[in-house]
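1. Take this sequence and fold it.
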Amino acid sequence: AGNAIEGMEPVDPSPEAHPDQWPISAVRGTPALVGRSLLILAGAFLLRALTEAGTLANATGVVLGLAYAASWIIAAAMAARKGARGSAGFFAVCAALIADPLIFEASTEFGVLSPTGSAFTLAIMTAAGLFVAARWRLQESAWVFVVGTMMTAAILAVVRPPGEAGTTVLVVLGLVAVWL
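-> Residues are numbered from 1 along each chain as shown. Predicted coordinates:
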C-alpha cells in the first residue's frame, strides 16, 4: 500500500491548473449563503410566532424584531469590512426582509407604532442599511433597502393615512437614492 501512495503525484488545487473544470469554490459559496439566510429568517419568524402566540407582548416582540434586524445590518458591516461581500450582501438583504414587514405589521396588525412612529422607524432602519451599503459600496443592498422602504411606505400610505411623516420619508429616500 505504501508503494501505491508513493507513486501518486500531488494534485494542484489552483484554478489555473485545471482551466476546463468549473471552480468548485464558486458553487460552494452560494448555497451556504442561501442556507444561512434561511436560518436568519427563521429566527425572525420565531420571534413573530412568539409574539403572535402571546408569549411575548406585542411591543416586546416588535422591539426584539427590530433589534434582530439591526444586528444583521451590523453583521453586514462587519462582513463587508473583512472583505466578505457575499455575506455582507446576504446579511443586508435579510435585515431588510425582516425590518420592512415588521414595521408594517407593528403599525397595522400589532398596533404598536403610530403612522409617525412607523415612518420614523422605517427611516432609521433604512438610513442604517444605506449607510452600510454606501460605506462598503454594496449597491445591491442599497437597492434592496430603497425598494423595500418604498414598498412599505406606499402600502402603509394606503392602509393608514400617511401624514407628513410618511411623505417626508419617501421624499428623503428619493433624494438619497439619487445621491447614491
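
2. ok, then the element right after the longest helix anywhere in the chain?
-> The residue-count maximum for a helix in the chain (DSSP state H) belongs to helix 24-52. Next along the chain after helix 24-52, taking DSSP states H and E as the criterion, comes helix 58-81.

3. mean confidence score for the helix or strand just after that following helix?
-> Counting by DSSP H and E, the next helix or strand C-terminal to helix 58-81 is helix 85-107. Taken as a whole, helix 85-107 carries a mean pLDDT of 95.

4. swap in stretch 126-144?
-> Mean predicted lDDT for stretch 126-144 stands at 92.

5. May I have the distance across it, first residue to last?
-> 10 Å (C-alpha to C-alpha, to the nearest Å).

6. sorry, back to before: could you give the mean pLDDT of the longest helix of the chain?
-> 86.

7. between that helix and helix 58-81, how big is the angle?
-> Angle, helix 24-52 to helix 58-81, by axes from the mean of the first three to the mean of the last three C-alpha atoms, to 10 degrees: 160 degrees.

8. other SSEs contacting helix 24-52?
-> Here helix 24-52 touches helix 58-81, helix 85-107, going by 3 or more C-beta pairs under 8 Å, 6 or more residues apart in numbering; DSSP states H and E. Quick note: C-beta positions are derived from backbone N, CA and C, even for glycine.

9. Any buried residues in the shortest one, and which?
-> Neighbour-count burial for helix 85-107, counted by 16 or more other C-beta atoms under 10 Å, picks out 85, 87-107.

10. Show me which residues of the helix or strand following it are buried.
-> Next along the chain after helix 85-107, taking DSSP H and E as the criterion, comes helix 115-135. Within helix 115-135, the residues scored as buried using 16+ other C-beta under 10 Å are 115, 118-123, 125-130, 132-133.
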